[in-house]
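Asks: My questions are about this predicted structure, shown below with the sequence.
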Amino acid sequence: MISRGEGIHVYDEAGKQYIEGLSGLWSVGVGFSEPRLVEAAHKQMQALPYYHSFAHKAHEPSIRLAEKLVEMTPEGLDRVFFTSSGSEANDTVVKMVWFMNNALGRPEKKKFLARTKGYHGITVASGSLTGLPYNHMHFDLPAIPVMHLTCPHHYRFGQEDESEADFTARLLKEAEEVIEREGPETIAAFIGEPLMAAGGVMPPPEGYWPGIEALCRKHDILLVSDEVICGFGRLGSSFGCVHYGFTPDIMVTSKQLTSSYMPLAAIVFSKKVYDAIADNTARIGTFGHGFTASGHPVATAVGLENLHIIEERDLIGNAARMGARMQDGLRAYADHPLVGEVRGAGLIAGLELVADKATKRPFDPVGRVGLMAFETGHEEGLICRNVGDTLALCPPMIVTETDVDEIVARMGRILDRTAERLAR
Ligand code: PLP
């Protein structure tokens, strides 16, 4: 049981200290003891603990946060819709896109393109967009029309002797073939995480995102950037789409939006999408969608303060500098006998453990090697996450050079001790 947090550390009931190497669930950017967020929540609780945004009502924190999001996100994204979780946000995106195409008189344009191993949430529509078999199995998902394209991870899905550039070209060809086979008039949107995180930390190959963006523009397909993990500086750039050089029509943010001190997600989207919906409601009926907690005043007050802290302390710059140090440090383990690939960008990293480095042969899943390494991490005082046999790191954005060096050192000990355990 974790009972307390301070800075980048959490403590269990026995008082043992751990570096939270995954920021909880990739989310606690400002660390676990930020008094300004506690104060912002307290003040808002006293002033107006709850109000909604229905029926021409609004309240200040949600309006201020929406303005801040429009200011921070790339040009052209200037409308905001709040939900409480990333899953609800992606369900909302599906409904927005469908409503929009109904309003534009093209009801057949409803299908989504996503990727295998992508993660977009767990509710019925967002879980359908997710491309992980265990999130579909026994839930009768996908329940919406979605096609999952090949996961853009060169190490695992590149063919033998295929260069990264050739891999990108093959993925783009596949995407275009699917669009042409299905008919662009049936495809509403492409959704992807700029860097796929929860599926195993997989940065895209060079040229992938500009190529996908060009295909979307050519075929009038909306581009949705799921920035629930990458947003607000994780990769050392303001947003994942900025990092990889593309401009979405819709961006989904959460987690680091409030550093997860309060549940909140925000969809930031273009006027084009907004107008297609708003201009047509008089004709086709209201956009009947929203939640009791949409734009919750306490959550949005905390979100606004959190974004101010990120800016004032230059945490995005810190993520770029500390991220480069962490990536460099971890890459020293590329030669470790257990490590197949070290990958990542900024403050997100993954180390894939393999049974055979030369052939990339994975371990037999029955042995649960990733889990063994994860548990060794607890003994070493470093909480990471094992996605199968990939160890994922995403420490708070406040990390210092000393913290990063300690994370890298502990990871080295985890690898050595796991190798010793396997050799026994
Ligand atoms: N999208 C991405 C990229 C995520 O990583 C997650 C959660 O990890 C979600 C959506 C779903 O968010 P939530 O767990 O808040 O529903």
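Replies: Now that the structure is in, tell me what you want to look at.
Asks: Up against the ligand, what does the stretch 51-200 of the chain have?
Replies: Residues of the stretch 51-200 of the chain lying close to the ligand by C-beta under 6 Å from any ligand atom are 85, 86, 87, 90, 119, 120, 121, 193, 197, 198. For glycine as for every other residue, the C-beta is placed from the backbone atoms N, C-alpha and C.
Asks: Pull the number of nearby residues for the residue in the stretch 201-350 of the chain that the ligand sits nearest to.
Replies: The minimum distance from the stretch 201-350 of the chain to the ligand, using C-beta to the nearest ligand atom, falls at residue 228 (3.4 Å). Using other C-beta atoms under 10 Å, the number of residues around residue 228 comes to 28.
Asks: my read: it touches residue 264, true?
Replies: No - between residue 228 and residue 264 there is no contact, the gap being 11.2 Å when judged by C-beta atoms under 8 Å.
Asks: Need the residues touching each of these two.
Replies: Common neighbours of residue 228 and residue 264, counting by C-beta atoms under 8 Å, 6 or more residues apart in numbering, are residue 254.
Asks: Give me the three-state assignment for the residue of the stretch 201-350 of the chain closest to the ligand.
Replies: Under the three-state scheme (DSSP: H, G, I helix; E, B strand; the rest coil), residue 228 adopts coil.
Asks: repeat for residue 363
Replies: Once three-state DSSP is applied, residue 363 turns out coil.
Asks: And the residue nearest the centre of the protein?
Replies: The residue lying closest to the centre of the chain (C-alpha atoms, centre = their mean) is residue 229, at 2.7 Å.
Asks: quick one: contacts for that residue?
Replies: Residue 229 touches 26, 27, 193, 195, 197, 198, 255, 256, 348, 394, counting by C-beta under 8 Å, 6+ apart.
Asks: sorry, back to before: can you pull the pLDDT of the residue of the stretch 201-350 of the chain closest to the ligand?
Replies: pLDDT for residue 228: 98.
Asks: next one: residue 53
Replies: With respect to pLDDT, residue 53 has a value of 87.
Asks: Which residue, other than its chain neighbours, is closest to it?
Replies: Excluding its sequence neighbours, the residue lying closest to residue 53 (C-beta to C-beta, 6 or more residues apart in numbering) is residue 295, at 4.9 Å.
Asks: By proximity to the ligand, which residue of the stretch 1-150 of the chain wins?
Replies: Closest residue of the stretch 1-150 of the chain to the ligand, C-beta to the nearest ligand atom: residue 86 (2.3 Å).
Asks: my read: that residue touches residue 126, true?
Replies: Yes - between residue 86 and residue 126 a contact is recorded at 7.4 Å, counting by C-beta under 8 Å.
Asks: about what we covered before: give me the subset of the residues of the stretch 51-200 of the chain next to the ligand lying in helices.
Replies: Judged by DSSP state H, helices contain the following of those: 86, 87, 90.
Asks: Now do the same contact list for the last one.
Replies: Listed by C-beta under 8 Å, 6+ apart, the contact partners of residue 90 are 120, 121, 123, 125, 126, 129, 191, 226, 252.
Asks: let's go with 7 Å and repeat that
Replies: The contact partners of residue 90, by C-beta atoms under 7 Å, 6 or more residues apart in numbering, come to 120, 121, 125, 126, 129, 226, 252.
Asks: Considering those, which possesses the most neighbours?
Replies: When neighbours are counted by other C-beta under 10 Å, residue 120 leads the contacts of residue 90 with 33 neighbours.
Asks: What does the residue nearest to residue 11 when sequence neighbours are not counted show for phi and psi?
Replies: Leaving out its chain neighbours, the residue that sits closest to residue 11 by C-beta to C-beta, 6+ apart is residue 4, at 4.5 Å. Backbone torsions for residue 4, taken as degrees, to the nearest 10, come to phi -160, psi 150.
Asks: quick one: the helices in the stretch 251-400 of the chain?
Replies: In the stretch 251-400 of the chain, the helices defined using DSSP state H, counting those that start in this stretch lie at 271-278, 281-284, 297-312, 315-331, 369-380.
Asks: rewinding a little: so for the residue of the stretch 1-150 of the chain closest to the ligand, what's the pLDDT?
Replies: Here, the pLDDT recorded for residue 86 equals 98.
Asks: tell me the mean pLDDT for stretch 120-128?
Replies: Mean pLDDT, stretch 120-128: 98.
Asks: Same check on stretch 371-383?
Replies: On average, the pLDDT along stretch 371-383 is 97.
Asks: Alright, calling it a day.
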